[in-house]
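[1] Fold the following for me, if possible:
(2 chains)
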Amino acid sequence: MISCKAITKSYTKGANTVTPLENLSLKVPRGEFLALMGPSGSGKTTLLNLISGIDTPTSGSLEIDGEDIARFSRKQLTSWRARKVGYIFQLYHLIPVLTAFENVELPLLITSLSRAERRKKAEEALDLVGLSGRSDHTPGELSGGQEQRVAIARALVADPALLVADEPTGDLDRESATHILGLLRSLSREHGKTIVMVTHDARAAAAADRALHLEKGKLLTTDPNLTVA
Amino acid sequence: MLPLTYALRNLFRDKSRLAQTVGGSALVVLLVMAATALNSGMAEVLSASGSPRNAILIGAGSEESIQRSEVSAQLGGIAEVGIPGVSTILGTPAVSTEIHYMSFLETAGGGKGQGLFRGVTPKALLVHPEVRIMEGTFPRAGEVMVGKLAWRKLGLPQEALRPGKTVKLDGSEMTVSGVFAAPGTVMESEIWTVLGDLYMLAQRDTVSCVVLRMETSDDFSEVDLFSQQRLDLELAALRETDYYAALSSFYKPLRVMTWITAGLVAAGAVFGGFNTLYAAFASRIRELATLQAIGFGRVAVFFSLVQESVIACLGGTLLASAAAMVLLDGRTIPFSIGAFTVTISPQVAVTGLVTGVLLGIFGSIPPAIRCLRPSLPRALRS
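    The predicted model follows:
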């Protein structure tokens, strides 16, 4: 599913060149739930942004489902993201003026689906995250855990093969975090979604099939202390 | 494309910002509508004041101002018999000998205003068929007949110029004999007296001009030929339409000034709008990045922001249109030779609408570009 070969990301900041990722190679098979861990500034969010097509590597190849997205233009990346990736953010990033249903429906507006088909899919996604009864609520009327579940529904409504999550439980209490992690795990196991999750939390990483550590832009070995849940 | 509801609901996120955008755009649109209505009102009244069939014989060298012109008092009679093609109504040639005299009129209540007095004979009605006596009668000696809008031009109460009221013209008491209308022309702001009275009041033995109504507009050439042949009379012949067109161009600097004023205020409002919209968009940089992250193109997000601004400015346009109808429509505005009525015509309304839309588009482009410029990873972290 994901194949990164010798990818490097660097940018200039003032007079200096910063390289958050250097010569990194990584393979993630389809359906795997992978956790990326590491201290702040280790490059894990940069890697997540590259994998999800939000950013492009400076060098190296990045193949996802056989497509080298490192060669894509900005327009191609936007279109690719809409079809292939669902993004889950730490702070949910829901649109505050839209209801839960409208937030979930957003990615479908880019597709050629009819209004009725969009409604069906959005309702199914909300049902999957257990929020079908809250579809008319705006984000301000939901708890943090509920907001994150709406964000997950939004991420999976267009049925992307890849879900990326940046600290999805970082802003939640333990009970909500457990619920969200369970949801992600079931999406991986029961729905075959490939999930790449960045987290600081070892407990969250333990929910994944595999955890990788990054430090100073380089990949360390799999954490032997983490077991597949 | 992003749904319209997204743009609509975003407008109400910050009501004070919405009020600023709507209020600012309403001010600009109102100013542009006012400038358009004033300019077209003045231009229309001047162009409607001249008939293409009317020719004016005027003193050579006074083509720009009838009031400064002096021609022989016998010119009317000479022109009647000497110029072919003059229209005849019930056997009477349509030739009007006139004195145009700018002076002050005082009312019994002590009010005083400057206006244009036209000394005429009843034949004036033959060359100015648009004149209709609405109340009272045509003036006789010692009387004046006032145009419907004369009170506005003079800055006097309308009641003071009703038929039967006494007014003073250069110290002489006169009675208002009637009120006339001449829709859409400067004559509606004039005061008409008997020609003989104005000889005395203006202390002159000459007249200002002779107005001839020709059978067709092509017959002007006969009047022109007459003025060139009778060098002894020192005449110039003008089409009445040309005379008012020249007057209209005389007021061009005034019209340009109204546009410059409207333009300057609009420029100020646009820059104010840039700031307001930039603040509104900048507070949503992360949200705009999220929309792009989930697959909306930068262009789609850009159009949504422009849409938002255009909707707000259309709200302002609506407000401005309502204000224009209440504050401007039907209002009479005096100027040096007359008065005109401001009309919020469909043309003025369309000008306001176009201004509102353009304001919405151009006011939002710089802030939208600026807020969409940061890279996605940076914007998502903001």
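[2] Sort out which residues of the host helix or strand of A:Asn23 are buried, please.
    Element membership of A:Asn23, judged by DSSP states H and E, is strand A:16-28. Within strand A:16-28, the residues scored as buried using 16 or more other Cβ atoms under 10 Å in any protein chain shown are A:20-22, A:24, A:26, A:28. Using the backbone N, CA and C atoms, a C-beta is placed for each residue, glycine as well.
[3] Show me what the residue nearest the centre of chain A is bridged to.
    The structure's chain A has its C-alpha centroid closest to A:Val164; by Cα atoms, centre = their mean the separation is 1.3 Å. With beta bridges defined as DSSP bridges, A:Val164 has these partners: A:Tyr87, A:Val196.
[4] need the residues of chain A near chain B, please.
    Neighbours of chain B within chain A, by Cβ under 8 Å from any Cβ of the partner chain: A:45-46, A:49, A:52, A:54-55, A:74-75, A:78-79, A:81-83, A:86-87, A:89, A:93, A:95-98, A:102, A:106-107, A:109-110, A:154-155, A:158.
[5] related to what we said a few turns ago, assess the claim that the residue nearest to the centre of chain A and A:Leu50 are in contact.
    No: A:Val164 is beyond contact range of A:Leu50, at 10.1 Å (criterion: Cβ atoms under 8 Å).
[6] how about B:Met174, what does it touch?
    Residues counted as contacts of B:Met174 (Cβ atoms under 8 Å, 6 or more residues apart in numbering or on different chains) are B:142-144, B:166-168, B:193, B:197.
[7] can these go into CSV with extra columns for pLDDT, neighbour count and secondary structure?
    Listed next are the contacts of B:Met174 as CSV, based on pLDDT from 0 to 100; neighbours: other Cβ atoms under 10 Å in any protein chain shown; DSSP: H, G, I helix; E, B strand; the rest coil:
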residue, pLDDT, neighbour count, secondary structure
B:Gly142, 94, 13, coil
B:Glu143, 96, 20, strand
B:Val144, 96, 23, strand
B:Thr166, 95, 12, strand
B:Val167, 95, 23, strand
B:Lys168, 93, 14, strand
B:Thr193, 96, 27, strand
B:Asp197, 94, 21, helix
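[8] Show the contacting residues for A:Ile69.
    Contacts here follow Cβ under 8 Å, 6+ apart; on that basis A:Ile69 touches A:53, A:56, A:62-63, A:77, A:80.
[9] three-state assignment of the residue of chain A found nearest chain B?
    As assessed by Cβ to the nearest Cβ, chain B sits closest to A:Ala82 within chain A, at 2.6 Å. With DSSP: H, G, I helix; E, B strand; the rest coil as the basis, A:Ala82 sits in helix.
[10] how many neighbours does it have?
    21 (other Cβ atoms under 10 Å in any protein chain shown).
[11] Need the nearest residue in space to it, chain neighbours excluded.
    Closest residue in space to A:Ala82, ignoring its immediate chain neighbours: B:Gly295 at 2.6 Å, by Cβ to Cβ, 6 or more residues apart in numbering or on different chains.
[12] Tell me where chain A is predicted with low confidence.
    For chain A, the stretches flagged by pLDDT under 70 are A:221-229.
[13] Buried ones in the longest helix anywhere in it, by neighbour count?
    Secondary structure of chain A per DSSP state H: the longest helix is helix A:174-191. Within helix A:174-191, the residues scored as buried using 16+ other Cβ under 10 Å are A:176-181, A:183-185, A:187-188.
[14] close enough to count as contact, B:Asn54 and B:Leu212?
    Yes: judged on Cβ under 8 Å, B:Asn54 makes contact with B:Leu212 at a distance of 6.9 Å.
[15] Looking at these two, which is more packed in?
    The neighbour comparison of B:Asn54 against B:Leu212 (other Cβ under 10 Å) goes to B:Leu212, with 30 against 24.
[16] Which helix or strand contains the more buried one?
    Per DSSP H and E: strand B:209-213 holds B:Leu212.
[17] Near chain A, which residues of chain B? Just list them.
    Residues of chain B lying near chain A (Cβ under 8 Å from any Cβ): B:1-3, B:5-6, B:9-10, B:12-13, B:286-287, B:290-298, B:375-377, B:380.
[18] Put the buried members of these into a ChimeraX selection.
    To isolate the buried members of these in ChimeraX, using 16+ other Cβ under 10 Å:
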select /B:2,6,9,10,287,290,291,292,293,294,295,296,297,298,376,377,380
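[19] Which ones among the residues of chain B next to chain A map onto helices?
    Among the residues of chain B next to chain A, the members falling in helices (DSSP H) are B:5-6, B:9-10, B:286-287, B:290-293, B:298, B:376-377, B:380.
[20] Take the contacts of A:Ile69 and keep only those in strands.
    The strands, defined by DSSP state E, take in A:62-63 from those.
[21] Narrow the contacts of A:Ile69 to just the buried residues.
    A:53, A:56, A:62, A:77, A:80.
[22] I'd like the distance between the residue of chain B found nearest chain A and A:Leu156.
    Taking Cβ to the nearest Cβ, chain A has its nearest neighbour within chain B at B:Gly295, 2.6 Å off. B:Gly295 sits 13 Å away from A:Leu156 when distances are taken as Cβ to Cβ, to the nearest Å.
[23] for B:Ser49, same thing?
    74 Å.
[24] quick one, helices of chain A?
    Using DSSP H, helices in chain A cover A:44-51, A:74-84, A:100-105, A:115-128, A:144-156, A:174-191, A:202-205.
[25] now the ones you listed as CSV including distance to B:Glu44?
    Listed next are these as CSV, based on distance: least, Cβ to Cβ, whole Å:
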stretch, distance to B:Glu44
helix A:44-51, 63
helix A:74-84, 52
helix A:100-105, 51
helix A:115-128, 51
helix A:144-156, 58
helix A:174-191, 70
helix A:202-205, 76
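[26] quick one: the helices in chain B?
    Under DSSP H, chain B gives helices at B:4-11, B:15-48, B:75-82, B:124-127, B:150-154, B:195-201, B:220-229, B:240-250, B:252-282, B:285-293, B:298-327, B:346-372, B:376-381.
[27] average pLDDT across the shortest one?
    On average, the pLDDT along helix B:124-127 is 96.
[28] which residues make contact with it from outside it?
    Here helix B:124-127 has contacts from B:54, B:87, B:89, B:92, B:94-96, B:98, B:118, B:131, B:138, B:192, B:211-213, using Cβ under 8 Å, 6+ apart.
[29] Kindly export it (C-alpha atoms) in CSV.
    Below are the C-alpha coordinates for helix B:124-127, written out as CSV (Å, rounded to 0.1, in the frame of the first residue of the first chain):
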residue,chain,number,x,y,z
ALA,B,124,-44.2,81.7,-25.6
LEU,B,125,-46.7,78.9,-25.2
LEU,B,126,-46.5,78.3,-28.9
VAL,B,127,-42.8,77.7,-28.9
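[30] Quick one: distance of it to the chain centre.
    Mean-position distance between helix B:124-127 and its chain equals 25 Å (Cα atoms, centre = their mean, to the nearest Å).
[31] picking up where we left off before, are any of the residues of chain A next to chain B buried, and if so which?
    Here, 16+ other Cβ under 10 Å leaves A:45-46, A:49, A:52, A:54-55, A:78-79, A:81-82, A:86-87, A:89, A:93, A:95, A:97-98, A:102, A:106-107, A:109-110, A:154-155, A:158 buried among these.
[32] Count residues in the vicinity of the closest residue in space to B:Ala55 that isn't next to it in sequence, would you?
    Nearest residue to B:Ala55, sequence neighbours excluded (Cβ to Cβ, 6+ apart): B:Val223, at 4.0 Å. Using other Cβ under 10 Å, B:Val223 is surrounded by 26 other residues.
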